[in-house]
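In: Provided below are the primary sequence and the corresponding predicted coordinates.
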Amino acid sequence: MNADPRVAASHAAASTPSFIHRYVPATAPGRPPILLLHGTGGSEDDLLGLGERVAPGSALISPRGKVREGGANRFFRRFAEGLFDEEDLVARTHELADFIAAIRAQEGLPAPVAVGFSNGANIAASMLLLRPEVLAGAVLLRAMSPFRAPPEATIPGTPVLLLSGDADPIVPAENAARLAATLKGAGAEVTHQVLPTGHGLSSPDLSLTHRFLAGLSAPAA
């Protein structure tokens, strides 16, 4: 059990936390649900097409980030590019994790696999470290380490695909490599690939994500 105070912080909400979200029921048996987490400026609709493409037949859960930055939706606050408000990140991570638990109970779903882009990938990485029971795996697209000093975590065998861009102006190569090392150190089965692209998504991102998700089966609800 992780003794880090960030993990020990209470996440038992008095009322069910709510997010504006889209839910698309599964059409194929045995596929894990997919939690779609948009990047800065996105919405609950942004990644639905991507989800249908990379995980056909899976149930899709797509929440909208609650933080507003200059009119753009985000999942947690930041002080500047690459400098996160870690206190807010911890609180928002637990809030999102509680929402996932609530919708799982409502829909009878097993733990989902997160597919997050940029800001959404960063909060997915935070969930892997702070609330590892919430996710069955993750695809982290253009993620960076969410914590300056990562909490201790144990996520043995959790499959993680981390896709970085070698010309990404936002995520330094060293930072992405550090995130991969943190997750591997916690026991996750991490595949980290660096693609010849920038911060935006490319065709290889979609094909690699599809292949990764196709190799997963749904855990028990």
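Out: Everything's here; your move.
In: Report the contact partners of the residue most central in space within the chain.
Out: In the chain, the residue lying closest to the centroid (C-alpha atoms, centre = their mean) is A124, at 2.4 Å. Residues near A124 by C-beta atoms under 8 Å, 6 or more residues apart in numbering: L35, L37, A114, G116, L135, A138, L140, A143. Where you see a C-beta, it was placed from the backbone N, CA and C, and this is true even at glycine.
In: now do M127
Out: The neighbourhood of M127, defined by C-beta under 8 Å, 6+ apart, consists of T93, L96, A97, A114, V134, L135.
In: try A101
Out: A101 makes contact with V134, according to C-beta under 8 Å, 6+ apart.
In: Let me know the secondary structure of it.
Out: Here A101 is helix, with the state taken from DSSP: H, G, I helix; E, B strand; the rest coil.
In: re earlier: next, format the contacts of A124 as a markdown table and append pLDDT, distance to V67 and secondary structure.
Out: Output for the contacts of A124, formatted as a markdown table (pLDDT from 0 to 100; distance: C-beta to C-beta, whole Å; DSSP: H, G, I helix; E, B strand; the rest coil):
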| residue | pLDDT | distance to V67 | secondary structure |
| --- | --- | --- | --- |
| L35 | 98 | 18 | strand |
| L37 | 98 | 13 | strand |
| A114 | 98 | 18 | strand |
| G116 | 98 | 15 | strand |
| L135 | 97 | 21 | coil |
| A138 | 98 | 20 | strand |
| L140 | 98 | 19 | strand |
| A143 | 98 | 17 | coil |
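In: Out of the residues you listed, which comes closest to L208?
Out: If you rank the contacts of A124 by distance to L208 using C-beta to C-beta, L140 comes first, at 11.9 Å.
In: so the closest residue to the closest one other than its chain neighbours is in which element?
Out: Excluding the flanking residues, the one nearest L140 by C-beta to C-beta, 6 or more residues apart in numbering is A121, at 4.2 Å. If you go by DSSP states H and E, A121 is part of helix 119-130.
In: What's the mean pLDDT across that helix?
Out: On average, the pLDDT along helix 119-130 is 98.
In: cool, stretch 90-100 as well?
Out: Stretch 90-100 comes out with an average pLDDT of 96.
In: Identify the residues contacting V115.
Out: Neighbours of V115 in contact, by C-beta under 8 Å, 6+ apart: 34-37, 47, 50-51, 54-55, 138-139, 141, 209, 213.
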